[in-house]
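Colleague: Below is the sequence, then the predicted model.
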Amino acid sequence: MCRRWRSSAPSSRRSPSSRRAARRSRARPRRRAARRSPARPSRRRRPRAPPQAVVSRETAIAASPRVKIETPRIAGSISLKGGRIDDIALVQYRETVDPKSPPIVLYSPSGTAEPYYAEFGWVAATGVTAKMPDAQTVWQQEGSGSLTPSTPVVLKWDNGDGLTFRRTIAVDDHYLFTIKDEVSNVGNAPVTLYPFALISRHGAPHVSGYYILHEGLIGYLGEHRLQEYAYSKIDEAKQVNFKATNGWLGITDKYWASALLPDTNAQLQARFSSNPVGKVHTYQTDYLLDPVTVAIGGTATANARLFAGAKEAGVVGINFPLAGLGGYNKALGLNQFDLLIDWGWFYFLTKPMFLGLDFFFRFFGNFGVSILLVTVIVKLLFFPLANKSYASMAKMKSIQPQLLALKERYPDDKVKQQQEMMEIYRKEKINPVAGCLPVLIQIPVFFALYKVLFVTIEMRHAPFFGWIKDLSAPDPTNLFNLFGLIPFDPTTIPVFGYYLALGIWPIIMGITMWIQMKLNPTPPDPTQQIIFNWMPLIFTFMLAGFPAGLVIYWAWNNLLSVVQQGYIMRRNGVKVELLDNLKATFARKAT
């Protein structure tokens with residue numbers, strides 16, 4: 001081909017633009033030839049088809065013969081046209097907290113609004129002219145019946161040229177499909193083929209858009225370790241290739257995922273890619289295995305596994321000492337498959353937090369109660385540090401008269417006030433910043449709990465008591481419509497609506513925080529006084545949009561802190577003036 005391009009008219013007779021065009025033309029065949037190298041046969045990526053009219057999911061499913069899938073957690077079907085797994089619904093999970101709402105749809109066939117499917121098979125090596133099964137091939141089911149955990153299905157297709165393809169698909173009672181592809185050769189020549197597997201998703205789905213959560217293409221690929229590509233990132237990169245052993249790859253959502261799990265000893269040529277088709281992109285994770293040559297009269301076999309379901313910690317597996325939740329990660333000997341759940345950089349806090357919540361949930365059956373109990377345990381663990389902090393705050397309260405006397409003695413000399421104040425701190429062995437320690441201790445715990453509530457499916461639609469039906473969602477009540485008495489949603493108001501979400505639990509949290517502030521000594525600096533006075537209100541509005549479970553934790557922690565701080569103040573001989581401070585506050589407001 002390149003010679004034919006070079007045999008055209010001499011470049012010296014062309015204009016500069018013509019010469020540039022010729023160079024571009026000569027380059028194109030080289031790139032095509034490179035893509036057709038045996039290392040990555042070109043048929044792995046299907047030719048782009050013209051855009052088709054979008055049909056409903058039910059219409060697309062009815063358009064081709066299918067084998068039904070029936071398991072305790074999955075309902076769906078396998079398309080005999082193409083042999084694809086392209087119809088999966090997760091029957092144990094619903095779109096809303098209403099148990100009668102539709103189940104979560106994971107896979108949908110081509111031609112629908114959001115095609116998403118897995119495909120397996122063989123790719124012919126360069127020079128092989130034998131017909132191979134593709135997306136238009138109609139397979140035949142051997143026998144009859146549905147795919148269940150106890151009854152695998154077998155599909156068969158004969159290419160009419162000596163090759164017979166047989167595919168055995170099994171499924172367990174959770175979310176794991178096992179695929180065994182066989183090809184028998186009764187032709188007149190050996191055939192070299194590459195086993196492949198792919199997951200394809202057409203169009204970028206709606207994502208949460210939070211920095212702390214990855215949604216998109218993901219894989220743990222041997223020495224390349226964890227690889228995460230958001231949809232926008234792979235759109236820029238177009239294609240990323242890896243050579244790895246002991247890896248897995250797929251596409252993840254917040255709560256659901258689809259992943260290819262090849263044999264841990266397999267040599268993979270893995271790829272993440274994004275290809276524009278019309279106005280949408282097709283996202284794909286795929287791999288090729290080493291080629292196999294099927295001798296005349298011989299048979300070749302390729303094995304593959306597919307995870308398609310909910311990212312349950314006990315099913316996926318959680319790699320943590322004493323966790324006891326091995327799941328697929330342990331059972332299949334996978335490489336860090338627990339990272340399919342985005343535990344984050346602070347996994348050493350996030351995982352123990354989840355395990356603690358899950359432990360108490362097994363006893364009480366309520367994650368809200370688990371949050372309350374874990375908060376008590378955290379308070380006990382940090383009691384020595386908090387004890388020192390509250391003791392220092394108690395001493396601060398005892399020296400308030402001395403600090404007020406300094407203001408009267410040096411009313412116009414701020415420098416002298418500060419010098420004398422520091423001298424008092426030194427004599428009384430008081431750390432003026434010790435009061436910040438309880439808040440600083442809460443920050444990592446707060447973040448770990450936030451992460452657990454946000455990313456783990458166990459928290460999704462987990463109820464507490466009363467009006468809290470989903471601990472992972474904000475409190476549904478709202479002060480600005482009188483907690484539902486007025487049939488109006490204030491959050492729909494343009495510009496300011498986001499700030500008009502203030503439920504009962506955020507208000508409780510703000511009150512407990514304000515009470516805790518009243519236990520502390522009044523800061524001598526007027527600016528600090530203003531900050532401390534406004535902080536509860538600021539936190540009330542700031543946390544109103546956070547998951548209800550997190551707000552409940554903060555309110556409960558504040559209440560425990562008030563009890564703990566009051567006890568330590570009494571033990572240090574300092575009068576607890578909470579009621580007096582509250583009366584003084586309302587008295588000042590009345591005046």
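Modeller: Looks like it arrived, so ask away. Residues are numbered from 1 along each chain as shown.
Colleague: Check which helices and strands the strand or helix carrying residue 107 sits against.
Modeller: For residue 107, the host element (DSSP states H and E) is strand 103-107. In terms of contacts (3 or more CB pairs under 8 Å, 6 or more residues apart in numbering; DSSP states H and E), strand 103-107 is packed against strand 84-94, strand 116-124, strand 256-260, strand 299-310. For the C-beta atoms, the positions are set from N, CA and C on the backbone; glycine is no exception.
Colleague: Quick check: which ranges of this structure have low pLDDT?
Modeller: Under the criterion pLDDT under 70, the flagged ranges of the chain are 1-52, 319-325, 390-395, 397, 428-439, 442, 520-525, 528, 572-591.
Colleague: Please name whichever of the helices and strands packed on strand 103-107 is nearest to residue 143.
Modeller: strand 84-94 (18.6 Å; CB to CB).
Colleague: quick check: angle from the closest one to strand 116-124?
Modeller: Interaxial angle, strand 84-94 versus strand 116-124 (axes from the mean of the first three to the mean of the last three CA atoms, to 10 degrees): 160 degrees.
Colleague: Report the buried residues of strand 84-94.
Modeller: 84, 85, 86, 87, 88, 89, 90, 93, 94 (16 or more other CB atoms under 10 Å).
Colleague: Can you give me the distance of the closest residue to residue 177 other than its chain neighbours to residue 401?
Modeller: Distances taken as CB to CB, 6 or more residues apart in numbering place residue 306 nearest to residue 177, at 4.2 Å, with adjacent residues excluded. According to CB to CB, to the nearest Å, residue 306 and residue 401 sit 73 Å apart.
Colleague: what about the two, which has more around it?
Modeller: Set side by side, residue 306 and residue 401 show more neighbours around residue 306, with 24 against 7, by other CB atoms under 10 Å.
Colleague: Which parts of the stretch 401-550 of the chain are helices?
Modeller: 414-428, 437-455, 504-519, 526-542, 548-571 (DSSP state H, counting those that start in this stretch).
Colleague: Tell me who's in contact with the residue nearest the centre of the chain.
Modeller: The structure's the chain has its C-alpha centroid closest to residue 254; by CA atoms, centre = their mean the separation is 3.7 Å. By CB atoms under 8 Å, 6 or more residues apart in numbering, residue 254 lies in contact with 207, 208, 213, 215, 455.
Colleague: Show the contacting residues for the residue lying closest to the fourth one once chain neighbours are set aside.
Modeller: What that stands for is residue 215. Counting by CB to CB, 6+ apart, residue 215 lies nearest to residue 207, which is 4.3 Å off, once chain neighbours are set aside. Going by CB under 8 Å, 6+ apart, residue 207 touches 215, 216, 230, 231, 253, 254.
Colleague: Surely residue 145 touches residue 153?
Modeller: Yes - with contacts counted by CB atoms under 8 Å, residue 145 reaches residue 153, the gap being 7.3 Å.
Colleague: can you give me the strands for the stretch 201-350 of the chain?
Modeller: Secondary structure of the stretch 201-350 of the chain (DSSP state E, counting those that start in this stretch): strands located at 216-221, 226-230, 239-245, 247-252, 256-260, 267-277, 280-288, 292-294, 299-310.
Colleague: Pull up the pairing partners for the fifth one, direction included.
Modeller: Its sheet considered, strand 256-260 pairs with strand 247-252 (antiparallel), strand 299-310 (antiparallel) by DSSP bridges.
Colleague: Kindly report the same for the first one.
Modeller: Next to strand 216-221 in the sheet, as set by DSSP bridges, lie strand 226-230 (antiparallel), strand 247-252 (antiparallel).
Colleague: CA atoms only for that strand, dumped as PDB, please.
Modeller: These are the backbone C-alpha positions of strand 216-221, laid out as PDB (Å, rounded to 0.1, in the frame of the first residue of the first chain):
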ATOM      1  CA  GLY A 216     -15.800   5.600  35.400                       C
ATOM      2  CA  LEU A 217     -13.300   3.100  34.000                       C
ATOM      3  CA  ILE A 218     -11.300   1.200  36.700                       C
ATOM      4  CA  GLY A 219      -8.900  -1.600  36.900                       C
ATOM      5  CA  TYR A 220      -6.100  -3.100  39.100                       C
ATOM      6  CA  LEU A 221      -3.500  -4.200  36.500                       C
END
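Colleague: That one to strand 280-288, inter-axis angle?
Modeller: 10 degrees.
Colleague: next one: the last one
Modeller: If you take the same axes, to 10 degrees, strand 299-310 sits at 130 degrees to strand 280-288.
Colleague: and the helices of the stretch 401-550 of the chain as CSV, adding mean neighbour count?
Modeller: Formatted as CSV, the helices of the stretch 401-550 of the chain follow (neighbours: other CB atoms under 10 Å):
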stretch, mean neighbour count
helix 414-428, 13
helix 437-455, 19
helix 504-519, 20
helix 526-542, 13
helix 548-571, 20
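Colleague: sorry, back to before: how much space between the residue nearest to the centre of the chain and residue 472?
Modeller: From residue 254 over to residue 472 (counting by CB to CB), the distance is 10 Å.
Colleague: same check, this time on residue 200
Modeller: 30 Å.
Colleague: likewise residue 498?
Modeller: Distance from residue 498 to residue 472, by CB to CB: 19 Å.
Colleague: Between those two, which has more neighbouring residues?
Modeller: residue 472 (21 against 12).
Colleague: Next, the buried residues of stretch 356-372.
Modeller: 356, 357, 358, 360, 361, 366, 367, 368, 369, 370, 371, 372.
Colleague: Show me how far that stretch is from its chain's centre.
Modeller: 22 Å (CA atoms, centre = their mean, to the nearest Å).
Colleague: Same question for stretch 97-115.
Modeller: 19 Å.
Colleague: what's the first-to-last distance across that stretch?
Modeller: 26 Å (CA to CA, to the nearest Å).
Colleague: Please apply the same query to stretch 136-155.
Modeller: 15 Å.
Colleague: what does it rub up against?
Modeller: By CB under 8 Å, 6+ apart, the residues outside stretch 136-155 that reach it are 64-65, 67-72, 78, 80-83, 133, 156-157, 166-173.
Colleague: sorry, back to before: so for residue 145 and residue 153, which residue has more residues nearby?
Modeller: The neighbour comparison of residue 145 against residue 153 (other CB under 10 Å) goes to residue 153, with 21 against 12.
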